[in-house]
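Asker: Dropping the sequence and predicted coords here.
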Amino acid sequence: MMSAESRFLTLLRLLAYHPAAQGLQDDVALLPVGNARLVLTSDTMVEGIHHLPTDPPAAVGWKLAAVNLSDLAAKGARPLGCLLNYALSGDDAWDAAFLEGLGEALERHAMPLLGGDTVRMPADAPRSYSLTAIGEAQSSVPSRTGARAGDRLYVTGPMGDAGVGLELLRADPAAAGPLVEAYRR
């Protein structure tokens, strides 16, 4: 039986007919521009789904940038800029701390904020934000399905640390240490 998400993606693929969409089979869209290729990626994070409500807002902002930067890096793309869509939480201090973490990540990786959108949400709604990153790749861009025997795979840090950090926080919201930091950043 097909899940609701699978059914939705099947219908969505009917709309994504442009070759840049790659049939929605990858984490990015590839748009040729002159001799270069624009690499476009977008990720959404929702409180309670992608991060814990108790996570520090600066860490959440950092993570939103990081998941998009990771997609660009996987394609060998240099960041050109990004667009932020942000659902205002009604908590000005939380929103400011989120932007501090986001800004730190964007500055560190030379990805300027180019625009976006804000909306006000009901006070009891979970926080939600999306970032669309735009990068440029000069050479061929590897596809998600193009891995072959003998290809090299690179990871940053031990695999599974972030998942263990999340489980530690679920068990004890006051947990700290390198595994918790791997989850948060």
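Answerer: Here it is on my side, so go on.
Asker: Now do the strands in this structure.
Answerer: Per DSSP state E, the chain carries strands over the ranges 29-33, 36-46, 78-88, 113-120, 128-137.
Asker: Dump those to CSV, plus mean neighbour count, distance to residue 166 and mean pLDDT.
Answerer: All C-beta atoms are positioned from the backbone trio N, CA, C, and that covers glycine. Formatted as CSV, the strands of the chain follow (neighbours: other C-beta atoms under 10 Å; distance: least, C-beta to C-beta, whole Å; pLDDT from 0 to 100):
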stretch, mean neighbour count, distance to residue 166, mean pLDDT
strand 29-33, 14, 29, 85
strand 36-46, 19, 14, 93
strand 78-88, 18, 22, 96
strand 113-120, 12, 27, 96
strand 128-137, 21, 19, 96
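Asker: Now distance to residue 9 too, for those strands, in TSV please.
Answerer: What follows is those, written out as TSV (distance: least, C-beta to C-beta, whole Å):
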stretch	distance to residue 9
strand 29-33	15
strand 36-46	15
strand 78-88	20
strand 113-120	24
strand 128-137	17
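Asker: Out of these, which is closest to residue 6?
Answerer: Comparing the strands of the chain against residue 6 with C-beta to C-beta, the closest turns out to be strand 36-46 (18.2 Å).
Asker: Pull up the pairing partners for that closest one, direction included.
Answerer: strand 29-33 (antiparallel), strand 128-137 (antiparallel) (DSSP bridges).
Asker: Distance to residue 41 for those strands - can I get that in CSV?
Answerer: Below are these laid out as CSV (distance: least, C-beta to C-beta, whole Å):
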stretch, distance to residue 41
strand 29-33, 8
strand 128-137, 5
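Asker: Please identify which of the ones you listed is closest to residue 117.
Answerer: strand 128-137 (9.1 Å).
Asker: can I have that closest one written out in CSV, keeping just the CAs?
Answerer: C-alpha atoms of strand 128-137 as CSV (Å, rounded to 0.1, in the frame of the first residue of the first chain):
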residue,chain,number,x,y,z
SER,A,128,8.4,26.2,11.0
TYR,A,129,11.1,27.6,8.7
SER,A,130,12.5,26.8,5.2
LEU,A,131,15.7,27.8,3.6
THR,A,132,16.4,27.6,-0.2
ALA,A,133,20.1,27.6,-1.0
ILE,A,134,21.5,28.5,-4.4
GLY,A,135,24.9,27.4,-5.4
GLU,A,136,27.1,27.2,-8.5
ALA,A,137,28.9,24.1,-9.8
